[in-house]
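Undergrad: Next one to model:
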Amino acid sequence: MTDDTPNSAPGGLLISAPSSGTGKTTVMLGLLRALTEDGLTVQPFKSGPDYIDPAFHHAAARRPSFNIDTWAMDDGLLNAVAAQMKGADITIAEGSMGLYDGVAKPGEQGHGTSAETAQRMGWPVILVLDISGQAQSAAATALGFRHYNPDLPFAGVILNRCASPRHERLARLGMERAGLPVLGVLPRRGDLTLPERHLGLIQAQEHPDLETAIARYATFLRNHLDLDAIRSAARSAPLQPAGPLPAPPAQRIALAQDAAFSFTYPHLLKGWRDGGAEILPFSPLANQAPAKDADLVWLPGGYPELHAGTLANATTFLNGLRKHAKTKPVHGECGGYMALGTTLIDKNGTRHQMAGLLGLVTSYEKRKFHLGYRKAHLLAPMPGFEPGQALRGHEFHYCSILEQPDAPLAKVLDAEGTAVPETGSHQGQVSGTFFHLIAQASEPAGK
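TA: Next up is the predicted model:
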């Protein structure tokens, strides 16, 4: 599927849909595993700022998945992430939301849409359509997506949640009239779903039997998709000269990793390791302290609100964190930021004492939705970055700030350029943000 020229890339495809909830993640996981079972080395990607799906991709393909983000990543970083497909036989990417959904104002390279990812990488789109409640009319939807951007490469459609053979015949008739290839038809199966919670899917590590579920998805897809036609449709643009992956913020990084803290973008960890950093994982939920000889403690986002009582009683973890912060930096993102604060109030109104390294008090008692890209102009140092630098990231949580007495870490803007109140904060060697870092912005902070 690829040749041996220096800039060659394995053929690729992007799995997308008109909207969320159509079944594209199930299709993605089943397809990754089915192709892997066929002996192919499959490179997965996720279009957009999702930090849950890549772990599922990794489990299905047995190869790390990486995010491609046209809003947050500049040309060099996009090419560096794309270069992770080297050595694979085929690339399969999963889109976010609907195919053309993104933000109104462009960022580094675009609006953050799955269509932009597919067009830039030269990957034909497979559109997953939920045809429940319609038949030939599904073709009109597919045709609209096909012609909305005539330059977008298009492989065909997968018809999902088909009710009967008659339903399939009618839906196929519509696609035939529209001239759209049908790459498979999936019968309605209520058991082929992934458990969810308030941020979307549960984490891969929390699934009660993920391996069995993925194997079932693969068998289901193998029985109902034309895998040969799908493989034949794969295409890719040549790889372009790559810039560097993000440099490590320290050489020995104690990284919290468990069910409460797991949201770190894979390209960041790959960049840190490639830059010579040593990642020292530890589990706050297991009451483990960060490594004493670490240069930096990094607490990623996750679900601390679901484990607040356990964290409040994890004295070895909390004391180790406090001891480290006396002489060396600590940084937290979203859930990690909350854990650095004084108090976390859960959905039942119960107050849980956190590390107290920042004055932050946060609450889930009254849920408030925060979602979107963020651009931060640093007002103070953050591990790996100096004041005045601009960063790009993404925020997604339901937490409210009740108190934030410390100095703001940054001026933070949304994708429209509007200031948001979640500025992050810092005190001494400790800093935190509600946004998850994706990349340093290519333009000066003042723009």
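
Undergrad: Can you check the pLDDT for Lys447?
TA: Each residue has a pLDDT score; the one for Lys447 is 48.

Undergrad: and if you look at Ser132?
TA: You'll see Ser132 listed with a pLDDT of 95.

Undergrad: Leaving out sequence neighbours, find the closest residue to it.
TA: Leaving aside its sequence neighbours, Ser132 sits nearest to Arg161 (CB to CB, 6 or more residues apart in numbering; 4.4 Å). Quick note: C-beta positions are derived from backbone N, CA and C, even for glycine.

Undergrad: same deal with Pro181?
TA: With sequence-adjacent residues excluded and distances taken as CB to CB, 6+ apart, Pro181 is closest to Gly156, at 3.3 Å.

Undergrad: need the next SSE after the host helix or strand of that neighbour, C-terminal direction.
TA: Per DSSP states H and E: Gly156 is located in strand 154-162. Past strand 154-162, heading to the C-terminal end, the next element that is a helix or strand (DSSP H and E) is helix 165-178.

Undergrad: so for that following helix, what's the average pLDDT?
TA: In this model, helix 165-178 has an average pLDDT of 98.

Undergrad: Direction-wise, compare it with strand 154-162 and give the angle.
TA: Between helix 165-178 and strand 154-162, the angle comes out at 160 degrees (axes from the mean of the first three to the mean of the last three CA atoms, to 10 degrees).

Undergrad: so the residue most central in space within the chain is in which element?
TA: Of all residues in the chain, the one closest to the mean position by CA atoms, centre = their mean is Asp50, 1.9 Å from it. Here Asp50, judged by DSSP H and E, is contained in no helix and no strand.

Undergrad: is it true that it touches Ser96?
TA: Yes: A contact is recorded between Asp50 and Ser96 when judged using CB atoms under 8 Å, the distance being 6.0 Å.

Undergrad: Name the surrounding residues that touch stretch 144-154.
TA: By CB atoms under 8 Å, 6 or more residues apart in numbering, the surrounding residues in contact with stretch 144-154 are 18, 99-100, 115, 118-119, 122-125, 127, 178, 180, 235.

Undergrad: And for Arg222, the neighbour number?
TA: 17 (other CB atoms under 10 Å).

Undergrad: Sorry, slip of the keys, the one I care about is Pro241.
TA: One way to gauge burial is a neighbour count; for Pro241, by other CB under 10 Å, it gives 10.

Undergrad: got it, and Gln427?
TA: Around Gln427 sit 18 other residues, with neighbours defined as other CB under 10 Å.

Undergrad: Next one: it from Leu344, what distance?
TA: 17 Å (CB to CB, to the nearest Å).

Undergrad: can you check Gly107 too?
TA: Distance from Gly107 to Leu344, by CB to CB: 31 Å.

Undergrad: Who has more neighbours out of the two?
TA: Per other CB under 10 Å, whichever of Gly107 and Leu344 has more neighbours is Leu344, with 26 against 23.

Undergrad: what residues are up against that one?
TA: Counting by CB under 8 Å, 6+ apart, Leu344 makes contact with Pro304, Glu305, Ala308, Leu311, Met338, Arg351, His352, Met354, Val361, Thr362, Ser363, Tyr364.

Undergrad: wait, what's in contact with the last one?
TA: When contacts are counted by CB under 8 Å, 6+ apart, Tyr364 is found next to Glu305, Leu344, Ile345, Asp346, Lys347, Tyr398, Cys399, Ser400.
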